[in-house]
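[1] Sequence and computational prediction follow.
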Number of protein chains: 2
Amino acid sequence: MATKVLPQPERDEIRVEAVLQALGEPVRLTIVRALADNPAGVCCGEIELPVTASTRAHHLKTLREAGVISTHTDGTRRVSLLRRDDLEGLYPGLLTGVLSAKQ
Amino acid sequence: MATKVLPQPERDEIRVEAVLQALGEPVRLTIVRALADNPAGVCCGEIELPVTASTRAHHLKTLREAGVISTHTDGTRRVSLLRRDDLEGLYPGLLTGVLSAKQ
DNA sequence: TCGTTAGTTCGACGATCATCGTACTACGAA
DNA sequence: TTCGTAGTACGATGATCGTCGAACTAACGA
């Protein structure tokens, strides 16, 4: 098995500007919404996005480095999770507010 | 007197991506924090910012067009207000979450 | 071992953005 | 009316960002 967690900021390293900037991009917001609907985690490739694989990888990296998502390997797949607890602990209400927006 | 409200989006025209993008910039976040501390409104020039007047005007326009703030004239001054009710109505918790971030 | 599959990394390119100085407008006071 | 003050509008410029294709890596199965 040997799943491995990709490098990500600790909770106290997360900056609100980076989080907001990460969420303020349509493709990344789509990813976050998909992750919010699947608390068990989602494999990146399963999310339907209007961009190529490399652009998708770029956005996932941006979200991970901002502290919005967490990603671990699972064979050839990479499963991503929304860091709900960390974000809710740091900015209570932010995530639910964003997700409540009717798209 | 004849105060005039500068053009801004209606509540149902506000897009969450624009709001997040507007909030995800350090100077603009400073402005929003200052407005949050002054519910009665703040004259733009009173906020201490590390940028010139023209850059300040640019950021205020961005915030206004995103629907984050409302600005009305008062003589030669322009007083800005945080659109708390609209934002709270659209994205409950978002603003409080952002403002709770220790800067 | 050899493909196949899932995903990343690396430039490159065009678009957007933050910043500035300068010129301009609007209001109030002398 | 003239002057000073508050703020905007207009380019211009350098930096950042989203996007892509191509090359690369890692894991699984035949």
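    In hand now; what should we look at?
[2] Mind telling me what element A:A22 is part of?
    Taking DSSP states H and E as the definition, one finds A:A22 inside helix A:16-23.
[3] Quickly check: that helix near chain B or not.
    Yes: applying C-beta under 8 Å from any C-beta of the partner chain, one finds helix A:16-23 in contact with chain B at A:16-23. C-beta here means a position set from N, CA and C on the backbone, and glycine is covered the same way.
[4] among those residues, which are in reach of DNA strand D?
    For DNA strand D, the contacts drawn from the residues of helix A:16-23 next to chain B by C-beta under 7 Å from any atom of the strand are A:Q21.
[5] right, quick check: the next helix or strand after the helix holding A:A22 against DNA strand C, any contact?
    Once the chain leaves helix A:16-23, the next helix or strand it forms, by DSSP H and E, is helix A:26-36. No: between helix A:26-36 and DNA strand C, judged by C-beta under 7 Å from any atom of the strand, nothing touches; the nearest distance is 11.4 Å.
[6] CA atoms of helix A:26-36 as CSV?
    Taking C-alpha atoms only, helix A:26-36 is exported to CSV below (Å, rounded to 0.1, in the frame of the first residue of the first chain):
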residue,chain,number,x,y,z
PRO,A,26,-13.4,29.1,-11.4
VAL,A,27,-11.7,25.8,-12.1
ARG,A,28,-10.3,25.6,-8.6
LEU,A,29,-13.7,26.4,-7.1
THR,A,30,-15.2,23.6,-9.2
ILE,A,31,-12.6,21.2,-7.7
VAL,A,32,-13.4,22.4,-4.2
ARG,A,33,-17.1,21.9,-4.7
ALA,A,34,-16.5,18.4,-6.0
LEU,A,35,-14.4,17.6,-3.0
ALA,A,36,-17.0,19.1,-0.6
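[7] Kindly calculate the angle that that helix makes with helix A:16-23.
    Helix A:26-36 runs at 90 degrees relative to helix A:16-23, counting by axes from the mean of the first three to the mean of the last three C-alpha atoms, to 10 degrees.
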